[in-house]
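*Asks:* any chance you could fold what I've pasted below:
(2 chains)
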2 protein chains.
Amino acid sequence: MLPNHGRVNIELINTGSELLLGRVLNTHQQWICRRLADLGYVVTRQVAVPDTARDIQQAVREALERAQLVIVTGGLGPTSDDITRDLIAQLLGKKLVRDPGIMAHIEGYFAARQRPMPANNDVQAMVPEGALVLPNPNGTAPGLAMRVGAVGKVPQWLILLPGPPRELRPLFDADVVPLLQREFPLAAAFVCRTFRSAGLGESAVQEKIKAPLEALVAAGLEVGYCARVGQVDVRLTASGAQAASLVQQGGSVVRGLLSANIYGLDDEVMEAVVVGLLTGRHQTLALAESCTGGGLANRITHVPGASAVFLGGLVTYSNAAKQAFAGVRAETLGVHGPVSEAVAREMASGTREKFGADYALAVTGIAGPGGGTPEIPVGTVFIALADASGTVVERRSNVYERALFKELTAQQALEILRRRLISA
Amino acid sequence: MLPNHGRVNIELINTGSELLLGRVLNTHQQWICRRLADLGYVVTRQVAVPDTARDIQQAVREALERAQLVIVTGGLGPTSDDITRDLIAQLLGKKLVRDPGIMAHIEGYFAARQRPMPANNDVQAMVPEGALVLPNPNGTAPGLAMRVGAVGKVPQWLILLPGPPRELRPLFDADVVPLLQREFPLAAAFVCRTFRSAGLGESAVQEKIKAPLEALVAAGLEVGYCARVGQVDVRLTASGAQAASLVQQGGSVVRGLLSANIYGLDDEVMEAVVVGLLTGRHQTLALAESCTGGGLANRITHVPGASAVFLGGLVTYSNAAKQAFAGVRAETLGVHGPVSEAVAREMASGTREKFGADYALAVTGIAGPGGGTPEIPVGTVFIALADASGTVVERRSNVYERALFKELTAQQALEILRRRLISA
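*Replies:* Predicted structure coming up:
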């Protein structure tokens, strides 16, 4: 269920044939929706349409029938497929007039870059009569905001924004947010918090917390679940005078019931949590990866500052590499095979010793599609963690295609290390 | 202007409050639109709505007024915000019936993973009467396809797909594409071919091929460019009786002018091309990574069959690891510093020797944000390739944020190896 804290219906229209041909990801959707949600406003619908007059006008007309605020992105540039400005003026029955301020800005923009101004840029100085111009310091086409009517005391606005993210984002923060807060003040406070959990499936998480949260839900708390690879996010939101209290009480329930399964808040990722825990303890980590093939090291090294705690890793894909670099004994490989508890154990303890690390994580498994046996079927993984107290090994069954198998296994290994770090 | 080869109006509805709260990127939009475009179909509108009954039903009802094919993603899971199945049945006036085949699949899914089946999973076995069940080998909720009517001879279909990409994508290729091609055969032949190039920027690619392709473009060939990390895709499409000939002629021009810069076709990725070349030669590879931190090994090991040619890798984040595992000399580190041509060279030759590999790639660089010097500024990378003939080192300047820096560097390293393999 989508909360409707702001009372204002907001619709987002993204124009651009490249979106519907699948050539680019629509990052505007996530960025604008996220910005608005963090301010307590919620987008009620997002639509992408191609750069054709009929489609753009139809989408805007429909949105204006439902929403108090309609935001349109793209189509304000100088080329032939940039037609949004004209179409909107036409739809609203407004004349386009030339804005000398914009013209001066565009001329200055090219002059500052010592580039001649192509003639077609002057269309960007045309503005539907009465529109507010939202300056674009990072490009030539300004944003445009038009008050198109009102329903009772609630005004209705249509805002056009340039397509390039590096132009849209600063302009949105500088001009759209203040306009929104002035024209559509929030009726009530709004609070949002996400708890990220690992080690439980989506149904299991819901089974644990749903009933205990029911009284708070009846009082206005909203609960959302989102399953990701090896983790489930629980999102608590509320609005009104009780918002902070409801989310705080809900958070206590979630923390109490999911306890150590919660690894982080909001946008935290597992690898950053693990690097943070190691950094706080001044401890170090080394890795030995077989089936994750470097995926675990890749995630750890995505975290800025990882070099302070991460000594290095081995990707021991062959048996020879397991022996030469991780110190696995030939006998162990011969007797147990490379995908075994015994080999995982020796990989972890050998790697810890060779790197001189406080912790070593080792992973060996069988991604498939080939190579399984009745005892060690495809999807089998052994994850070992070595530290000063010894080595433990866990066995998992991750029956998924290759990329997901690697990602899930890496997530499980990080979770095993995180559990050790918070309990140590 | 959006081409409309397929004549069929296709609308995509993505459900999920997390989309409108900006919690996740809508990758379905790009993936599905892209797949359809490559087959000659074009999505005419995409809509995202929250998980609320009113919004989902309204969006589906509106789409069915405009489109012959409506694809809805998400909301088929087991939890309380997964309401799409029920709402669609209600909207179409269909009863939900329990499908024993799906129930057996769900039970088997949990059994294979040795996990108990939570009770709420059985809602996923409920199916609107008469719907086609599209099996989901990677999850519990199947896709559902319903013929909801016809306009003249053109049928109208509504297809519901599970939200997780790892479930949706294989299911889409296995079941939705054949259904689409059967129910909505293209009015005219449609041919699409993508050439993937490395080593040239987007403008450079366009400068080489734009003019020579003009006559074919005048005859109906469409040319699209897409810049990605370390590569530029050139997409040739045509429809009608001359489609195959136009794309074939265009392909000859592109191949002739971009020649060795073309590393693959359509969806081929660089790591798969490199693994394929090594496999064909029965040669082996080892890696030593500093700044890419396992990203290169991770890509190589994404390729099924990589274990036949990939012996292993070292992630030598610390100086001690560079010495102990890759055989870099303390003196070299002391004199030249870890980010230097000399260290890259010793990392590659030492790693090749220690693994006994035919080729070794080594990468050392400085991702930043800290640590740069006037001689070795942030973004500097040294990539070394060792083989039986010796070791070569290339220097690059990749001034990007951390994740992009790693990805681009890995791509450049693979391209250096690919060039050697095709010229050897």
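*Asks:* who's in contact with the residue nearest to A:T332 when sequence neighbours are not counted?
*Replies:* Residue nearest to A:T332 in three dimensions, not counting chain neighbours: A:A342, with 5.1 Å by C-beta to C-beta, 6 or more residues apart in numbering or on different chains. All C-beta atoms are positioned from the backbone trio N, CA, C, and that covers glycine. With contact set as C-beta atoms under 8 Å, 6 or more residues apart in numbering or on different chains, A:A342 has these partners: A:T332, A:V335, A:H336.
*Asks:* which parts of the helix or strand where A:A342 lies are buried?
*Replies:* Per DSSP states H and E, A:A342 falls inside helix A:341-355. Applying a neighbour-count criterion of 16 or more other C-beta atoms under 10 Å in any protein chain shown, the buried positions in helix A:341-355 are A:342-352, A:354-355.
*Asks:* average pLDDT for the helix or strand where A:A244 lies?
*Replies:* Using DSSP H and E, the element containing A:A244 is helix A:243-258. The average pLDDT for helix A:243-258 rounds to 97.
*Asks:* residues contacting it, please?
*Replies:* The set of residues that contact helix A:243-258 without belonging to it, under C-beta under 8 Å, 6+ apart, is A:188-193, A:195, A:197, A:200, A:205, A:208-209, A:212-213, A:216, A:219-221, A:223, A:234, A:236-238, A:262.
*Asks:* so which of those residues would count as near chain B as well?
*Replies:* Filtering the contacts of helix A:243-258 for neighbours of chain B using C-beta under 8 Å from any C-beta of the partner chain leaves A:C192.
*Asks:* now, of the contacts of helix A:243-258, which are buried?
*Replies:* Neighbour counting over those (16+ other C-beta under 10 Å) leaves A:190-193, A:195, A:197, A:205, A:208-209, A:213, A:216, A:221, A:223, A:234, A:236-238, A:262 as the buried ones.
*Asks:* after the helix holding A:A342, next one along is what?
*Replies:* Next in sequence after helix A:341-355, counting helices and strands by DSSP H and E, comes strand A:359-365.
*Asks:* got the angle for that following strand vs helix A:341-355?
*Replies:* An angle of 140 degrees separates the directions of strand A:359-365 and helix A:341-355 when computed by axes from the mean of the first three to the mean of the last three C-alpha atoms, to 10 degrees.
*Asks:* are strand A:359-365 and chain B in contact anywhere?
*Replies:* No - figure legend: strand A:359-365 not in contact with chain B (C-beta under 8 Å from any C-beta); closest approach 11.7 Å.
*Asks:* adjacent strands (with direction) for that strand?
*Replies:* The partner list of strand A:359-365 in its sheet, established with DSSP bridges, is strand A:285-289 (parallel), strand A:380-387 (antiparallel).
*Asks:* three-state assignment of the residue of chain A most remote from its centre?
*Replies:* Ranking residues of chain A by C-alpha distance from their mean position (C-alpha atoms, centre = their mean) puts A:E331 at the top, at 45.9 Å. Using DSSP: H, G, I helix; E, B strand; the rest coil, the three-state assignment for A:E331 comes out as helix.
*Asks:* which bits of the stretch 301-424 of chain A sit near chain B?
*Replies:* Counting by C-beta under 8 Å from any C-beta, the residues of the stretch 301-424 of chain A that sit close to chain B are A:301-302, A:304, A:306-307, A:310-318, A:320-321, A:324-325, A:354-356, A:369, A:397, A:399-404, A:406.
*Asks:* do the same with the stretch 51-200 of chain A
*Replies:* Residues of the stretch 51-200 of chain A lying close to chain B (C-beta under 8 Å from any C-beta) are A:D51, A:T52, A:D55, A:A59, A:D81, A:C192, A:T194.
*Asks:* the last one should be in a helix, yeah?
*Replies:* By that I understand A:T194. No - the assignment for A:T194 (three-state DSSP) gives strand, which keeps it out of a helix.
*Asks:* ok, it - contacts?
*Replies:* If you count contacts by C-beta under 8 Å, 6+ apart, A:T194 has them with A:D233, A:V234, A:R235, A:L236, A:L265, A:D266, A:D267, B:R23.
*Asks:* list buried residues within those.
*Replies:* Buried residues within these, counting neighbours by 16+ other C-beta under 10 Å: A:D233, A:V234, A:R235, A:L236, B:R23.
*Asks:* okay, now the unreliable bits of chain A?
*Replies:* Filtered on pLDDT under 70, chain A yields the residue ranges A:1-6, A:79-81.
*Asks:* from the contact counts, what lies against the helix or strand where A:L296 lies?
*Replies:* Here A:L296 is covered by helix A:295-300, with elements defined by DSSP H and E. Secondary structure elements in contact with helix A:295-300, counted by 3 or more C-beta pairs under 8 Å, 6 or more residues apart in numbering or on different chains; DSSP states H and E, are helix A:270-281, strand A:285-289, strand A:310-315, helix A:402-423, helix B:295-300.
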